[in-house]
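Enquirer: can't give you the sequence, but here's the structure:
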């Protein structure tokens, strides 16, 4: 499901387009759309997580990401207001993402105006011809597009293995000779 809309110039036009998309996509009752705003600063890496925007080989990026996460874990405790440290790797990635660190996570919101804010957030000093985009995703549709793997019982060890492949724990999964 893909659709491109004409540029909008006002917030009411934007909200009307969002409502039109909801109707055209026949969203489930009570279902929510997800939104992502990008300001066009990185036109060649749209919908790329910050950690994978540099023009480097993937193994070097993964190695650098693991080093950055390890450094963040050592100094990031001061960013937790209630004193409780994140419980697992995913929580650390979320905290690092929230504070602008380069991660493999891509922020989405269920608030269309938040996405619009991120698309338009950089003030236009003088002439600014960057294309500003808001992406819309129907998570219920996406869930239906992803094949499910039927298992007889839940295998926590296998789940942890797959999780380890996606999110590192401060130790690079891939050794690299390249440095960033």
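Expert: On my side now, so go ahead. Predicted model, so just to flag it, every value in this text is computed and none were measured.
Enquirer: what sits up against stretch 94-114?
Expert: 11, 14-15, 18, 32-37, 47-53, 65, 68-69, 72, 76, 79-80, 86, 93, 115, 118, 134, 136-137, 166-167 (C-beta atoms under 8 Å, 6 or more residues apart in numbering). Any C-beta I mention is one placed from the backbone N, CA and C, and that applies to glycine too.
Enquirer: which parts of that stretch are buried?
Expert: By neighbour count on 16 or more other C-beta atoms under 10 Å, the buried set for stretch 94-114 is 95-97, 101-105, 107-109, 112, 114.
Enquirer: also stretch 18-34?
Expert: Neighbour count says stretch 18-34 has 18, 21-22, 25, 27, 33-34 buried, by 16+ other C-beta under 10 Å.
Enquirer: likewise stretch 45-55?
Expert: Neighbour count says stretch 45-55 has 49-52 buried, by 16+ other C-beta under 10 Å.
Enquirer: farthest pair in those residues?
Expert: 50 and 52 (7.6 Å; C-beta to C-beta).
Enquirer: for the helix ranked longest in the chain, name the packing helices and strands.
Expert: Secondary structure assigned by DSSP state H gives helix 58-75 as the longest helix of the chain. Helices and strands touching helix 58-75, by 3 or more C-beta pairs under 8 Å, 6 or more residues apart in numbering; DSSP states H and E, are helix 89-98.
Enquirer: what mean pLDDT would you report for the helix or strand following the helix it packs on?
Expert: Once helix 89-98 ends, the next helix or strand along the chain (criterion: DSSP states H and E) is helix 112-120. Average pLDDT, helix 112-120: 91.
Enquirer: stretch 19-31 now?
Expert: Rounded mean pLDDT across stretch 19-31 is 84.
Enquirer: so what touches it?
Expert: 1, 3, 5, 33, 136, 138-141.
Enquirer: which of those are buried, as a PyMOL select command?
Expert: Remark: buried members of the contacts of stretch 19-31, expressed as a PyMOL selection using 16+ other C-beta under 10 Å:
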select buried, resi 33+136+138
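Enquirer: let's have the contacts of stretch 19-31 in TSV, adding secondary structure.
Expert: Converted to TSV, those look like this (DSSP: H, G, I helix; E, B strand; the rest coil):
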residue	secondary structure
1	coil
3	coil
5	coil
33	coil
136	strand
138	coil
139	helix
140	helix
141	helix
